[in-house]
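Enquirer: what shape does this take:
(one chain, ligands or ions: 1)
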Amino acid sequence: MTDKTLKNIVILTGAGISAESGIPVFRSESGLWENERIEDVCVPEALKRDPQKVHNFYNKLRRSLLDKKPNGAHLAVSKLQREWPSFSGGSVTLVTQNIDDLHEKAGSSDVIHMHGALLCARCECCGASWRQERDTFPKMPCPKCGKIGGVRPDIVFFEEMPHDMELIEKALAKCDLFLAVGTSGVVYPAAGFCRFAKSVGATCLEFNLKKSAVASDFDAGFYGKASETLPKFVDGLLSGKGLEI
Ligand code: NAD
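Expert: This next block holds a predicted model:
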């Protein structure tokens, strides 16, 4: 790989980065997520049809985060965020499709949760969002506007607009290096970020167990467990070795 001046980095993470921490990925052979069909818990219709089921599902997932710990890949991301700006004068923007809190537990700040976060809730009546550590329920009054019936987990369902797209596009537009870690590359719009980054001249690398469906969009890939490949890569970058492992 040719080395060019690298300043601004965008990292996109997906369910695969948290798999080694014991949080199952999305696309299992069964097509189920945590034993539920996607259309029963992950689309706006499901919330209208059976709100209790949807709240129960995310309550259970939220509780399951309590004993989950970040792995070497999350720690490598936070190390890069901490050390890269003074090393290079550039920036690191972290965008995650994950709804877990493992990047935060690893010490990352300014995490863009484009698909929402289990530890947040929002109100469909007034648009407020807030940190939510306890269970939510359909008849819960909104702590901001007091209305009942609008509170839901702050999770972006299929067919809904991801959060912070403007912020993400701004970061992609000025990025020199785009890293996709543990993502299958089939959920849009995140699946299009690599092509966007390429269009502005960025080098694009994927970290996955195996080549993803969009591997050919990338300049290169590092295959194996992200907890092993990413720390080596980050250490190389921070020691001035460039883009090799
Ligand atoms: P995905 O489940 O579609 O794909 C996961 C990818 O990670 C796969 O390509 C797999 O090969 C790879 N992978 C698995 N283990 C890995 C490892 N140890 N190291 C490197 N790569 C590994 O995930 P996605 O692309 O993020 O899309 C799924 C959607 O589901 C996301 O939008 C997300 O919101 C949601 N989701 C989130 C979580 C979470 O918060 N941890 C978990 C499951 C699903």
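Enquirer: what about the closest residue to the ligand within the chain, distance to residue 180?
Expert: Nearest residue of the chain to the ligand: residue 16, at 2.1 Å (CB to the nearest ligand atom). Where you see a C-beta, it was placed from the backbone N, CA and C, and this is true even at glycine. Using CB to CB, to the nearest Å, residue 16 is found at 10 Å from residue 180.
Enquirer: can you check residue 224 too?
Expert: 15 Å.
Enquirer: neighbour count for those two, which is higher?
Expert: residue 180 (30 against 14; other CB atoms under 10 Å).
Enquirer: and this structure, which of its residues are near the ligand?
Expert: 14-16, 18-20, 23, 25-27, 97-100, 115, 182-184, 187, 207-210, 212, 225-226 (CB under 6 Å from any ligand atom).
Enquirer: pretty sure residue 197 contacts residue 179?
Expert: No. Residue 197 lies out of contact with residue 179 (CB atoms under 8 Å); the separation is 9.6 Å.
Enquirer: now the strands for the protein?
Expert: For the chain, the strands defined by DSSP state E occupy 9-13, 32-33, 36-37, 92-96, 111-113, 116-123, 129-131, 151-155, 177-181, 203-208, 220-223.
Enquirer: packing partners of the longest one?
Expert: The helices and strands touching strand 116-123, judged by 3 or more CB pairs under 8 Å, 6 or more residues apart in numbering; DSSP states H and E, are helix 51-64, strand 129-131, strand 151-155.
Enquirer: tilt between the lengthiest helix in the chain and strand 9-13?
Expert: Using DSSP state H, we find that the single longest helix of the chain is helix 72-88. Counting by axes from the mean of the first three to the mean of the last three CA atoms, to 10 degrees, helix 72-88 lies at 170 degrees to strand 9-13.
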